[in-house]
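Student: fold the following.
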Amino acid sequence: MVYSLEFSKRLLEAARALAEEASGKNEAGRAVLYLSLLSCEITLKALLEKAGFSVKHLKKRSHDLRGLLKDICHCELTGTGIGNSKPFRASRLLARAVILNTFNGTVGALLHAEDLGVSKYPSDIRYGDLISHFPPMVMLECASVLLSWAEDNIGMIKRI
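Tutor: Sure thing, here's the model as predicted:
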C-alpha cells in the first residue's frame, strides 16, 4: 500500500508532542492544525486505497478533503463479525462525534469546514498572516477519532 495508517499515526504523535511542548508559542497552533489535517488526508487515502480506489485517483484528489469524504461515501463495511449482519455504508464515519453535544462537532462537519469559509487546507494553513479554522486541538481530536475508526475498520472496507 502507498498510503499508511502508521504514517498518519506518527503525524498525530508529532502534533500532540508539539501541542504539549509549544503551547502558546508563535506558530505552534498552525503547525498542530496542519499536521492534524495532513493526518486526516493520509488516513482517508489509506482507507480508500484499501477499499479499491486507485493510487492514481487518490493522487488526483490531492489535498481535497471534501473529495476524499465523497469517495468514502461510495464505500461500505463488510464482515463485521456480528452474526449475519449486512454490510453498511462507510459514510457513518462522517457522523462520528469529535465534540460531544455539538451540532457541527462531527468528523464530517469538521472536515467539510471549507464550506463554512475556513482557511483552505493546505495552502491557507501553510501560508498567510491570518488563519480562520476550528481550533487546532479540535482538529487534532478529529484526526484522532478518524484514525481510530480507520484502524478498527480498514480490514472491512470496500468500494461499492
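
Student: which intervals of this structure have sub-threshold pLDDT?
Tutor: 80-84 (pLDDT under 70).

Student: ok, longest helix in the protein?
Tutor: The longest helix of the chain (DSSP state H) is helix 28-51.

Student: got the CA coordinates for that helix in CSV?
Tutor: The C-alpha trace of helix 28-51 is given here as CSV (Å, rounded to 0.1, in the frame of the first residue of the first chain):
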residue,chain,number,x,y,z
ALA,A,28,2.6,26.2,17.2
GLY,A,29,-1.2,26.2,16.6
ARG,A,30,-0.7,26.5,12.9
ALA,A,31,1.7,23.5,12.9
VAL,A,32,-0.7,21.4,15.0
LEU,A,33,-3.6,22.3,12.7
TYR,A,34,-1.5,21.4,9.6
LEU,A,35,-0.2,18.1,11.0
SER,A,36,-3.8,17.2,12.1
LEU,A,37,-5.3,17.9,8.7
LEU,A,38,-2.4,16.1,6.9
SER,A,39,-3.1,13.1,9.2
CYS,A,40,-6.7,13.2,8.2
GLU,A,41,-5.8,13.3,4.5
ILE,A,42,-3.4,10.3,4.8
THR,A,43,-5.9,8.3,6.9
LEU,A,44,-8.7,8.8,4.3
LYS,A,45,-6.4,7.9,1.4
ALA,A,46,-5.3,4.7,3.2
LEU,A,47,-8.9,3.7,3.7
LEU,A,48,-9.8,4.5,0.1
GLU,A,49,-6.7,2.6,-1.3
LYS,A,50,-7.7,-0.4,0.8
ALA,A,51,-11.3,-0.1,-0.4
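
Student: what about the spatially most central residue of the chain, distance to Glu13?
Tutor: When CA atoms, centre = their mean is applied to the chain, the residue found nearest the centroid is Cys40 (2.6 Å). Going from Cys40 to Glu13 by CB to CB, to the nearest Å gives 15 Å. To be clear about C-beta, it is placed using only N, CA and C from the backbone, and glycine gets the same treatment.
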